Structure formats: structure tokens, C-alpha cells
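A.B. asks: Give me a model of this one.
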Amino acid sequence: MFARRRPLLRAAAVGGGAYMAGKSRARRQDEQAQMQADQDQRISDLEQQQSYQQQPPPQQQAPPPAAAPSQSSAMLDQLNQLAALHQQGVLTDEEFGAAKAKLFAT
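C.D. replies: The predicted structure is shown next:
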């Protein structure tokens, strides 16, 4: 009976050792893959930061020349009068749109 246990014990020890070695190798490969993925992510983040830093800032365009102050204030006054008439119901939507278009055309 003891003779029979030794081959079984030896097979169990060899099988268990092989299992642990395989599991250790798989864990090591997973860790390396995770480290590689983290490194790739950091590299891509740095590349994005560098590309943002290298891009020239958008140039701001000069505002279009404004009309003379007296002309723009008169236009605003007329527009406010039209809006007040429209809100009171004196002007319809079509009349208000036409008057506004005529005001901006001048």
C-alpha cells in the first residue's frame, strides 16, 4: 500500500508544481501587458499635450469697423422703438421684420 502512494504523491507534487509555475508565468505576463498598456497611455497623453502646446494660438481678428457713434445710437433708438411697437401689437411680425431689414440696410 505504501508503494502505491509514492507514485500518486509524486504525480501530485509534479502536477501542483507545474500548475503553480504556469500560474506564476501567466500573472507575470498579465503584469507586463498592463505595464505596457499604461506606458502606451502615458506616451499618448504626452504626445497630445505636446501637440496642444505646439499649435499656435488662434489669432484674434480685429472687430469690424463700427459705425459712427451717433449713427449707431440713432439706429439703436429706432430699433428699440420698433421693438416697443411690435410688443404693443401695433406692428405685425411681417411689418416688424420688414422695418428692421430696412433699418439695417441703411
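A.B. asks: After the helix or strand of the chain with the lowest mean pLDDT, which helix or strand is next?
C.D. replies: Sorting the helices and strands of the chain by mean pLDDT, DSSP states H and E puts helix 69-88 at the bottom, at a mean of 83. Downstream of helix 69-88, the next assigned helix or strand under DSSP states H and E is helix 93-105.
A.B. asks: quick one on the thing from earlier: quick one: buried residues of the least confident helix or strand of the chain?
C.D. replies: 82, 86 (16 or more other Cβ atoms under 10 Å). To be clear about C-beta, it is placed using only N, CA and C from the backbone, and glycine gets the same treatment.
A.B. asks: and residue 22, how many neighbours?
C.D. replies: A total of 10 residues lie near residue 22 under the criterion other Cβ atoms under 10 Å.
A.B. asks: now for the least confident helix or strand of the chain, which elements pack on it?
C.D. replies: When contacts are defined as 3 or more Cβ pairs under 8 Å, 6 or more residues apart in numbering; DSSP states H and E, helix 69-88 packs onto helix 93-105.
A.B. asks: what's the angle from the helix it packs on to helix 69-88?
C.D. replies: 180 degrees (axes from the mean of the first three to the mean of the last three Cα atoms, to 10 degrees).
A.B. asks: Just the buried residues of helix 93-105, please?
C.D. replies: Buried residues in helix 93-105 (16+ other Cβ under 10 Å): 96, 99, 100.
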